[in-house]
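Participant: Fold the following.
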Amino acid sequence: MAAPSRLQKIRNIGIMAHIDAGKTTLTERILYYTGKSHKMGEVHDGEAIMDWMPEEQERGITITSAVTTCLWKEAVINIIDTPGHVDFTIEVERSLRVLDGAIGVFCAVGGVEPQSETVWRQADKYHLPKIVFINKMDRVGANFFNCVDMIKDRLHADPLLLELPHGQEETFDGVIDLIKMKWIVWRKESLGMELEERDIPEDDLETALEYREQLIEKAADFDDGIMEKYLAETEVPLKDLQAAIRRGTIGLKIVPVFCGAALRNQGVQPLLDGIVSYLPTPLDVPPVSGHDPNTGDNVTRPSADTQPLSALAFKIQMDQGRKVAYLRIYSGKLATGAEVYNPTRQSFEKVSRILKMHSNKRERLDAAAAGDIVAVMGLKKTKTGDTLCPKDHPILLEPIDIYEPVISVAVEPKSIGDQEKLFQVLQSLAEEDPTFHFNQDEDTGQTIISGMGELHLEVLVHRIKREHNLDVNVGKPQVVYRECVKEKAEYTETFDRELAGSHHRATVTLRVSPRTRGSGNRFINQVSEELLSAHFLAPIEEGVMESMAGGVSAGYPMVDVRAELLSVSVHPDFSSEMAFKIASALAFKAACAKAQVILLEPIMRVEVVVPEDFLGEVIGDLNARRGKIEGITPRAKISVLQASVPLRQMFGYSTAIRSATQGRGSFTMYFSHYDQVD
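Facilitator: I've put the predicted structure just below:
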């Protein structure tokens, strides 16, 4: 049998979950058992290797995705540990965009929590094969089978149990491996480094055999040979069983399930075996596809060193004023000193250094190739979502989806002389984080920063103070509103004026109408090419789209508006691009005024976990905040309450929920949609 190729050894995976499910703790154990680190850093001590930012260490949460590489049984595993908090969801989105597989970590007590659903859907969007690790089996309230049921019901996935917990809560002492039919126990004195395979205890054998049969039955769906052996009731070889599970996982039919307690050093090595056995190599996923920026034709690039270079910049990080771009190389090779083409910016870039990252530590490389995830220095114009390729073999990959901010605060430096420095710092932060925006309010002169939530902005303000040594005053959080039109209307505008000694004339008729929520803005041309040349159409569309971005009533960007160009009048001597751009902008604003501009506000999806004794009080409080209760799910002695609430009513809710439930309630909140302000 031929030795596996370099690409067959690579696994590019992400670890994703709800906040506090134990992602970073699991990653720390993986690094320790693979020999990448010689000490297990603990999140609660602020010593986790992957949580290297001071803000992460102080809060005990992951804020920025961290990349590392480790080796396990000849496999090279590139891992991205992603945040669990909804405010930093862009870090998850851009990481999953470049990965080949993912591990979903679930708390055995909380099960599938709101952000778990969000990140799972993000992984589904990119068709990522997944395996599951049910963590915290040693905690009070742990329930393995309840968590499996939630994976079925909430995520509509088909979990395949490869392990069963042996005991749970304080009696949890290992796992039953349904592939090898062994009871695996970890030795505490070796910090979980050494494990022992024992025979399955008599009391658990019947249950293990029952689930083993279910496992083989499901594997038979992906392998005719296993089906024959299953029907003949003969033994299924281990390799055949694993190969069938691998096919089902990569084909997105099943999700293998492992369990353990990462903090107690239990369950990690079988999960590592599962990563190698069941998650795809770069050769197992379809070739990356994009289009030729010159011709518009579809282009695919198989994962091979011999193909032309194609790489996606999925993350930008500023390090002491220097830009570091994280790249996933899909095909070809990249060498230090190479000149590459960025078709997104239509510019050439020079690679000055290539780095292999281990969290915030780095190792210099001379070159990188297909399947690698590396950091690169020297790219001046490249931003998140840009493609890098050779000029003579261009490809433009699909960019990364960026979320719009929903909350703003005003910031100002305590010293007037620091205004310019503040602007430079904000530019640097916006370069790193596409969900962070800033602008200057024309009416008040204030600098407004916008982000995904209160925690997001709080972390950014702390970074301004700590990393850049800049003291700022911060205003109260403000909601980021949007504008839309209520009905259909049309308007004809004629621009006829003499400017700078030249006459400019153009007539434009536009119709505006509302679109369904979340469908975005659209410009449609209904005028034939005989009446309107492309050279006048571009400024008309530009005038409309710029007006949408600036708003027409309260200055907020417009969303979900259709603008149709119905007719134009072109004067052979006096019509100009400027005249059409101004006429279209004026026509659009006038049509919107006729169509009644309405204000939209962000509505948040809120999930509250509350003891039954306080349920009535919490419901009353949410009703007072104009919330709509959408469901109440009883779970043991607690209730999980789902509601939709306007963001402006949710400021300070963390204090209110603690007060109303004597500190025993918790909540999660994330953006749902925009709706009309009452």
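
Participant: The residue minimising distance to the centre of the chain: what's it in contact with?
Facilitator: Centroid-nearest residue in the chain, with Cα atoms, centre = their mean: residue 93, separated by 2.0 Å. Listed by Cβ atoms under 8 Å, 6 or more residues apart in numbering, the contact partners of residue 93 are 122, 400-401, 403. Bear in mind the C-beta positions are built from the backbone N, C-alpha and C, glycine included.

Participant: Among these, which lie within helices?
Facilitator: residue 122 (DSSP state H).

Participant: quick one: least confident of the contacts of residue 93?
Facilitator: By pLDDT, residue 403 ranks lowest within the contacts of residue 93, coming in at 74.

Participant: can I assume that residue is in contact with residue 89?
Facilitator: Yes. Between residue 403 and residue 89 a contact is recorded at 6.6 Å, counting by Cβ atoms under 8 Å.

Participant: Now the common contact residues for those two.
Facilitator: residue 452.

Participant: Looking at those two now, which is surrounded by more residues?
Facilitator: residue 89 (23 against 13; other Cβ atoms under 10 Å).

Participant: quick one on the thing from earlier: what about the residue nearest to the centre of the chain, is that helix, strand or coil?
Facilitator: helix (DSSP: H, G, I helix; E, B strand; the rest coil).

Participant: separation between it and residue 354?
Facilitator: 25 Å (Cβ to Cβ, to the nearest Å).

Participant: One more: residue 244?
Facilitator: For residue 244 relative to residue 354 (Cβ to Cβ), the value is 39 Å.

Participant: Including distance to residue 73, could the contacts of residue 93 go into a markdown table?
Facilitator: Output for the contacts of residue 93, formatted as a markdown table (distance: Cβ to Cβ, whole Å):
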| residue | distance to residue 73 |
| --- | --- |
| 122 | 29 |
| 400 | 32 |
| 401 | 35 |
| 403 | 38 |
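
Participant: Separate out the buried members of the contacts of residue 93.
Facilitator: 122, 400 (16 or more other Cβ atoms under 10 Å).

Participant: quick check, nearest of the contacts of residue 93 to residue 373?
Facilitator: Set against residue 373, the nearest of the contacts of residue 93 by Cβ to Cβ is residue 400 (14.8 Å).

Participant: got a list of what the closest one touches?
Facilitator: With Cβ under 8 Å, 6+ apart, residue 400 has these contacts: 93-94, 97, 312, 314, 384-385, 434.

Participant: swap the cut-off to 10 Å and go again
Facilitator: 90, 93-98, 312-315, 384-386, 434 (Cβ atoms under 10 Å, 6 or more residues apart in numbering).

Participant: now, which of the residues you listed lie within helices?
Facilitator: 90, 93-96.

Participant: Compare those residues and tell me which is most surrounded.
Facilitator: Most surrounded of the ones in helices among the contacts of residue 400: other Cβ under 10 Å gives residue 95, at 28 neighbours.

Participant: which ones are touching that one?
Facilitator: Residue 95 neighbours (Cβ under 10 Å, 6+ apart): 14-16, 65-67, 80-83, 102, 119, 122, 314-315, 326, 328, 373, 400.

Participant: how about a cut-off of 8 Å?
Facilitator: Per Cβ under 8 Å, 6+ apart, neighbours of residue 95: 14, 65, 80, 82, 314-315.

Participant: how near is it to residue 101?
Facilitator: In terms of Cβ to Cβ, residue 95 sits 12 Å off from residue 101.

Participant: still on that earlier bit, just send the ones in helices among the contacts of residue 400 back as a markdown table, with pLDDT too.
Facilitator: Shown next, in a markdown table, are those (pLDDT from 0 to 100):
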| residue | pLDDT |
| --- | --- |
| 90 | 75 |
| 93 | 81 |
| 94 | 81 |
| 95 | 85 |
| 96 | 85 |
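
Participant: Which two of those residues have the greatest separation?
Facilitator: Pairwise over the ones in helices among the contacts of residue 400, using Cβ to Cβ, the maximum falls at 90 and 96, 10.9 Å.

Participant: quick revisit: overlap of the contact sets of residue 95 and residue 101?
Facilitator: residue 14.

Participant: residue contacts, residue 387?
Facilitator: So residue 387 contacts 290, 310-313, 342-344, 395-397 (Cβ under 8 Å, 6+ apart).
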